[in-house]
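1. need a structure here:
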Amino acid sequence: MKTIYQVGIVGCGMISEIYIQNIQTLFSDALAVRGVFDQNQENVRRRAEQFALPCRYSTMEQMLQDPLIDIVLDLCPPAAHYSVNRQALEAGKHVYSEKPLAATFDQGQHLVELARQKGVRLGCSPDVPLGSMIQTARKLVEDGAIGRVVGATANLIKQGVETWHPNPNFLYQPGGGPLMDMGPYYLTALLHIVGPFASVSAMDAISFPTRRITSEPHYGEIIQVNVPTYVNALLQFTSGALATFTATFDVWNSKLPYLEIYGETGSILVSDPNRFGGPVMLAKPGSTYEQVPVRFPYGDNSRGLGLHDMAEAISGGTIPRADGQYALHILETMTAISTSAREGVRIQLNTACGKPMSMPE
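-> Just a heads-up that it's a prediction; the model follows:
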């Protein structure tokens, strides 16, 4: 009989809804939500009633002491990721975390080593690159559709989250900002399509030291911005290819592509790397972009796919496609971007993770 892994969720904010929904439908062959915990017990009550969950935990310790919990799903704000992930690993639970893995590279290293010591799995989002769009683009590259990759550009260009997010303050504090909050989607997509990074150099700025919230329920409140909101980076892959990466919450509009890959014999254009599905365009020499057929599943919002893949990997003894080693490489890349911008130097990266295994067509 196939193992059904019981999941305990820490953090009942906005993102928890789609995770629970997908676990109870798309991924119910391997996962089940046993219960939830949040420091706000009203959030716990609401989610537990909404999805008819068996358990409501009043403390995280209570969840970790539940012998039926196999995996802890950390959906807390970024500043809490290290603490929550560490406690769960120390309790001997498998852990899957929302991005980033931790706020600093040293914290991320400790988590990866702790998971190894405890003999448990540590996974981390984003799992969006496991969806149909990025996997189709990856397959085109691996099949030689554009020859050797020589370059790429990735552009997260948008206005700040204070215009729509119900609780945007934490996204302008350490562990947040466009780089740490949204950067993982773009950088992990590049990791899947092109491969790991070797070095970075960057500049950044805090364009506006304060922000005024225009979303409810905190309309009119002022946020103190404590992280850069405009980041420009130059990335070199271990293959030798180069990429430019812009991440900003300071721009109202742009026509730059979300993600474009350049090869010896063509180019590939994809849509927002924060979406599982979307058009994949291919241009050959002397021709314009034409849409290519999508060759992989999971085109809808399939958050939890990485968690499901980790459960399958635990059962099968394989390496998850959203394993902690890949999240650590992305975390090192992002923290190196920040260090390079602060110190004005090029940073060589030390993590050597290779590419995650591709998804089956």
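2. buried set for the biggest helix by length in the chain?
-> Criterion DSSP state H: the longest helix present in the chain is helix 324-343. Using 16 or more other Cβ atoms under 10 Å as the test for burial, helix 324-343 gives 324-338, 340-341. Heads up, the C-betas are built off the backbone N, CA and C, glycines and all.
3. all helices for the protein, in order.
-> Going by DSSP H, the chain shows helices at 16-24, 41-51, 60-64, 81-90, 105-118, 132-142, 177-193, 305-316, 324-343.
4. Render the CA-only coordinates of the shortest one in CSV, please.
-> So that's helix 60-64. Taking Å, rounded to 0.1, in the frame of the first residue of the first chain, the C-alpha atoms of helix 60-64 are listed here in CSV:
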residue,chain,number,x,y,z
MET,A,60,4.3,24.5,17.5
GLU,A,61,5.7,22.2,20.2
GLN,A,62,2.4,20.4,20.3
MET,A,63,2.5,19.8,16.5
LEU,A,64,6.1,18.5,16.7
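5. From the chain's centroid, how far away is it?
-> Relative to its chain's centre, helix 60-64 lies at 25 Å (Cα atoms, centre = their mean, to the nearest Å).
6. quick one: contacts of it?
-> For helix 60-64, the external contacting residues (Cβ atoms under 8 Å, 6 or more residues apart in numbering) are 8, 10, 35, 37, 55, 57, 69, 72, 84, 87-88, 91, 93.
7. ok, residue 116 - how many residues close by?
-> 13 (other Cβ atoms under 10 Å).
8. do residue 244 as well
-> Applying other Cβ under 10 Å, we find 15 other residues in the vicinity of residue 244.
9. hang on, it packs against residue 156?
-> No - using Cβ atoms under 8 Å, residue 244 makes no contact with residue 156, being 11.9 Å away.
10. Next one, pLDDT for residue 170 please.
-> With respect to pLDDT, residue 170 scores 87.
11. Now do the same contact list for it.
-> So residue 170 contacts 77, 78, 79, 176 (Cβ under 8 Å, 6+ apart).
12. excluding its backbone neighbours, what's nearest the first one?
-> I take that to be residue 77. residue 170 (4.5 Å; Cβ to Cβ, 6 or more residues apart in numbering).
13. Check the third one too.
-> Leaving aside its sequence neighbours, residue 79 sits nearest to residue 175 (Cβ to Cβ, 6+ apart; 4.7 Å).
14. Quick check, that neighbour in contact with residue 82.
-> No - at 9.1 Å, residue 175 does not count as touching residue 82 under the criterion of Cβ under 8 Å.
15. Could you tell me which residues touch both of these two?
-> In contact with both residue 175 and residue 82: residue 103, using Cβ under 8 Å, 6+ apart.
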